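> Following is a predicted model, sequence given first.
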Amino acid sequence: MTTLNKTNRRDFLKITSMTGSGLLLGFSWFSADAETPVVMTKTNFAGDLGFNSYLSIGTDGTITIFSPNPELGQNIMTSFPMIVAEELDADWTKVKVVQAALDTVKFDRQLTGGSGAIPHSWKRLRVAGATARHLLIAAAAKRWNVDTTECSTSNGFVIHAKTGNKFGYGELAEEASKMTAPADVPLKNRKDFKIIGTAVRNIENKKIITGKGMFGLDFYREGMVIAMIQRPPAFGTKVKSVDATAAKAMPGIVDVVTFKNNVAVVGKSTWEVMKARKAVKIEYEKDGNIESTADHDQLFVSLLNSDKATVRRKDGDVETAFKNAAKIITSEYQCPFIPHNPMEPMNFFADVREGGIELVGPSQTPGSARTAVSKLLNIPENKITLELTRLGGGFGRRLKYDYVLEAAELSSIIKKPVKLIWSREDDMMGGSYRPAVRYRFEAALDAQGNLIGYKLRGVGINVNNSTREDNFPSGAVDNLLIDTLEHVSPITTGAWRAPVTNFLAFAEQGFIDEVAQAAGKDPVQFRLELLQKARTKPAGAIKYNIDRMETVIKQVAEKSGWGTKKDVSQGFSVYFSHASYVGQVCDVEMKAGKPVVKKIYAVADCGEVINKSGAQQQVMGGIVDGYGHAMFGKLTFKDGAPGQNNFGQYRLIRMKEIPEIEAHFVDNGIDPTGLGEPALPPTGGAVANAIFKATGTRLKNQPFIDEPPFKAKPAKGF
Amino acid sequence: MAIFNLQVNGKEYKTDVAADTPLLWVLRDHLGLVGTKFGCGIAQCGACTVLLDGNAVKACVLPVSAIKTSKVTTIEGLSANGDHPLQQAWDEVDVPQCGYCQAGQIMTAAALLKRKPKPTMQEIDEAMHPNICRCGAYHRIREAVKSASNKI
C-alpha cells in the first residue's frame, strides 16, 4: 500500500514536526504477526503503512509515542508509554504522548472495552522500547569504537563505564536511525524495572486541572452549527407529526429537520438550540411494545418457570442430586436497568462534504463508528477521517455509536459542519442501559453440608446470556445446570462496565453465602473447600485459575482480619472477570439501628501492575462504582418512558457516602491481565453479605436503598 | 438579545446574548472558555461550578443577566500558571481519571478554602457534596483538598 489517506498524512505531519530529525521506529502494537520494530526514515515512513505505531526519539531527546486507544479515564495514555519507557530506560520527564486518530489499516484493536488494552499490547510495547534501546547502544558503541557489551543505559543516557563517557539519547538518535533493528531483543527481568510498578501521575493532569479544551464537547470549528435532537419520549413510540413553525422563528435557529424518529434543531449556539427544542410541537404514536417495570416483574416470574430455556452448561445429573439432597436452598436476585451516565454527555462533530467526511469526538469504538457511518451514507471508509478526543467517561455507553451516526446523517442533510450535543436527559432517557435481570439459584447439600447440586437460571431483558456459565462455582460442583431466557424489548440495552458480571457477581456471591450458612460453614472456608474440590476432583471444564483465586481469597481474608473482629460485621466476596481476580471484604457497623458501610478491603490479582497510582484508581473507582450503583442505581419505566431523567431523581454516589477503601495487589509477575473492570463486580456481594451479618436480612434486590435495612428510615449519610 | 459586560478572570468581556442565557453557555459558546463543563444542566452535578465573587455557583442555571458587576472566576483563571495550591495538590495526589468533572471539583474546593482555609474532613465532605465524580475518584479529591489546605 503506498497511498496515504488523510489520517496517515496527519499522523505523519504530527510526528515529523515533533521529532525534527532523529530515530523513528515503526512497530506493531496490534498485529499478531509483526512484532519486530523497524527503523524508518522520513521517506519510507511516508510510504510504509505496515507499522501501526511509532516511537520517535528526537535529537533533543524528546521521546514521543502514539497512543491509539480511546482514553476515558483508564489512564492508558500514561501506562502505555510507561511500558515503552521502561524497556528503553528513558527519562520519563522527556516522554510525550499523542492520541492517534482512527486508523483501521494500522490498528486492529483501536477501542476501549473489555479491560483488554494492556494485556494485548504488553509484549509489543516492551519490544519496541527494547529495540530502540538496542539501537542507541549500538550507535554509542560505534562512536566510542567499543564493544556494545561494554555499554549500559540509564535514565536517557548510554554510558560507557570504563571511561565514564556518556551520550544522551537525543545525541544518538540520528545515528541510531541509520541502523537496522534486530529481529530479537532481550527484555528486562522484572526485578530491574524502574518505571513499571511505580506510581506515575496521569500524563494529562496539567491540561485537565487548568481547563484546557480536550473533550469532544469542547471541540470547535469555525462555521460549525450546534444541534440537539428530540427523540421519542418512550420506547415503543414513533414520530407522528412535527410542527416546528415557532421553533424555526426563534433567534439563532438555522433549521429544524426530521429524519427517522429524530427531530433535530439546528442553531448557532447551544442555549438557543435548547430553548427552540422546547418549542417544537411533536406528536407520537405507538410503534411496538409499550412496557413498564411492573410488566417486567411479572415477565421474570413466567420466564423463570418456562420450559424453553437455553442450556449454557450441564455437568452430571442435577435431578438425582436434588432428589437425594438433605437440604435444598432456593433464592432469587433481581436488578433494575441502570444508565451509564458518563459525566460528559454524548456528542460528536461531523462534517459531511463532497468527497469525504470528517468526524471528531469521543468514542470507545471509533472503528465500528466509522464503518457504520460509511454504510449509512454510502461513502467509502477511506474517505472518512475520525479524530478521537479525550472521553469524559464511558462505562460502555460510548461503545455504541448511535450519536456518531446521528451527527453524520444530520450533517449530510443540512450540508453543514455540525456538533451534535445530547443533554443529560437525552442520555438518561434515550440511551443504552444495563439490562434488568432476575436470577434463580438452587443448591443441593448432602447430610455433611457438601454442595452436590447447583442450578442457576438467568432471565433478562435484551440479554441473550445473563450468566457466565463457566465461572466459579462451575467445576467445583458435580451436578450443575445453568440456563437462560431472554425477553426482547424495545428498551435499548448495552454493555455496562463489567457487562453481566456487574450484577451477576453480587447474586452469585450472595447465594454462595446463603449456601455456606445453610451448610453451617464459614463463607471463606466454604469457598476454599469448593476450590479444593475443583482442583482435586474437577467437574467438567475449569475456565478460571484456581491458584490465583485461592490466593486473593486468602490474602484479602488476612488483610481484613477476617474472623477476628468483634466490633464490625464482615462480608466476603471474590470474583474472576476479564482474566483478573479480586477478593473483597466489607466492614459494616450498626448506627442508630441502621447498617453503615465503613470499609472495603480489596486484593486484586491483575498480574503485573504497570502504574501503581493508576491501578489504585481503577480498583478504588471500580469499588465506588460497584457500591454506588448497588446502593442507589435504579431506572424504572412507566408506559415505555424512563421514570428518572436527570440527577435530581437518579441518584449517583457522592463523596460523603463513600466507605474507606484499602486496595492491595498480588505480586506474582504474571503478564498483566485486565483492571478497568474486575474490581467492580465483587463489591455488591461483599456489602450485601456484611449487611446480612449485621442485620440478619439478606439483600437480594438492587438498589439496596429500597430494601428493608435501609428503607424504613434512612440512616444519616444515605 | 442584549449586550452584557462581564468580568471574567480579571478581563472585561462584552457579549451579545439573550438575557436568560446561562453563564455556562456564555463562557463556552461565546467566550471560548471551555474549561467549565456541561454535565446536567440543572445544578445537580457541579461540573459547571465557577466562582462568583469568590462563591461557588452553578453556571448552568445562572442567567447572564443576574451577574451584573460580580466577578467571575473559571478554572482558566484560578491561577496564572496552573499552580494554585489546589491544582498542585490535584496533580500531586494524581486525582483525575476521566477528568471531566475535575474543573468543577476544584472550583468548589477553591470556594471552600477561601471561606475556610483549614476545613475538617467532614467540612470537606459537606462542601464537596454538590459535585459528582462518576469515576469515583472521591477519596483522592478529598485528600487533595486536605493537602492543599495544609499549604494555604
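Right, received. Where do you want to start? Numbering: from 1, shown residues only, chains lettered A, B, ... in the order given.
> and after the longest helix anywhere in chain B, which helix or strand comes next?
In chain B, taking DSSP state H as the definition, the longest helix is helix B:102-115. Downstream of helix B:102-115, the first helix or strand assigned by DSSP states H and E is helix B:121-128.
> Which residue would you name as the spatial centre of chain A?
Taking CA atoms, centre = their mean, the centroid of chain A lies closest to residue A:113, which sits 4.7 Å from it.
> so who does that residue touch?
Shown in contact with residue A:113 (CB atoms under 8 Å, 6 or more residues apart in numbering or on different chains): A:364-365, A:396, A:399, A:495. The way it works is simple: take the backbone N, C-alpha and C, and place the C-beta from them, glycine included.
> can you put these in CSV and add distance to chain B?
Below are those laid out as CSV (distance: CB to the nearest CB, whole Å):
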residue, distance to chain B
A:364, 12
A:365, 17
A:396, 12
A:399, 15
A:495, 16
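> which one of these sits closest to residue A:85?
residue A:364 (25.8 Å; CB to CB).
> and that closest one, which of the three is it?
The three-state assignment at residue A:364 reads coil, by DSSP: H, G, I helix; E, B strand; the rest coil.
> Also the one 10 residues further on?
Following three-state DSSP, we place residue A:374 in the helix state.
> so residue A:236 touches residue A:286, yeah?
Yes. When contacts are counted by CB atoms under 8 Å, residue A:236 is listed as touching residue A:286 (6.6 Å).
> who's more crowded, these two?
Remark: of residue A:236 and residue A:286, residue A:236 carries more neighbours, 18 against 12, as counted by other CB atoms under 10 Å in any protein chain shown.
> Nearest residue to that one in space, please, no chain neighbours.
Nearest residue to residue A:236, sequence neighbours excluded (CB to CB, 6 or more residues apart in numbering or on different chains): residue A:288, at 4.0 Å.
> Which pLDDT does the model give the residue in the stretch 201-350 of chain A that chain B sits nearest to?
Distance from chain B to each residue of the stretch 201-350 of chain A (CB to the nearest CB) is smallest for residue A:211, at 2.0 Å. Note for residue A:211: predicted pLDDT of 97.
> Then the one 5 residues further on?
Note on residue A:216: pLDDT of 98.
> Can you give me the buried ones in stretch B:101-119?
Buried residues in stretch B:101-119, defined by neighbour count with 16 or more other CB atoms under 10 Å in any protein chain shown: B:101-113, B:119.
> May I ask which helix or strand encompasses whichever residue of the stretch 501-650 of chain A sits closest to chain B?
Ranked by CB to the nearest CB, the top residue of the stretch 501-650 of chain A for proximity to chain B is residue A:624, at 2.9 Å. Per DSSP H and E, residue A:624 falls inside helix A:612-632.
> Which positions in that helix come out as buried?
For helix A:612-632, burial by neighbour count (16+ other CB under 10 Å) applies to A:613-632.
> just checking, what packs against the helix or strand following that helix?
Where DSSP H and E defines the elements, the next helix or strand beyond helix A:612-632 is strand A:637-638. Here strand A:637-638 touches helix A:293-304, going by 3 or more CB pairs under 8 Å, 6 or more residues apart in numbering or on different chains; DSSP states H and E.
> The helix it packs on packs against which elements?
Secondary-structure packing of helix A:293-304 (3+ CB pairs under 8 Å, 6+ apart): strand A:437-445, strand A:451-461, strand A:479-487, strand A:637-638.
> would you list those in JSON lines and tack on mean neighbour count?
Below are the helices and strands packed on helix A:293-304 laid out as JSON lines (neighbours: other CB atoms under 10 Å in any protein chain shown):
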{"stretch": "strand A:437-445", "mean neighbour count": "23"}
{"stretch": "strand A:451-461", "mean neighbour count": "25"}
{"stretch": "strand A:479-487", "mean neighbour count": "22"}
{"stretch": "strand A:637-638", "mean neighbour count": "19"}
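> and stretch A:267-278, does that touch chain B?
Yes. Stretch A:267-278 reaches chain B (CB under 8 Å from any CB of the partner chain) through A:269-272, A:274-275.
> Now do the same contact list for the spatially closest residue to residue A:178 that is not a sequence neighbour.
Nearest residue to residue A:178, sequence neighbours excluded (CB to CB, 6+ apart): residue A:39, at 7.8 Å. Contact partners of residue A:39, counting by CB under 8 Å, 6+ apart, are A:23-26, A:135, A:176-181.
> Out of these, which comes closest to residue A:650?
Relative to residue A:650, the closest of these is residue A:26; by CB to CB it sits at 47.2 Å.
> And what about residue A:266, helix, strand or coil?
Residue A:266 ends up strand, using three-state DSSP.
> Nothing else from me, thank you.
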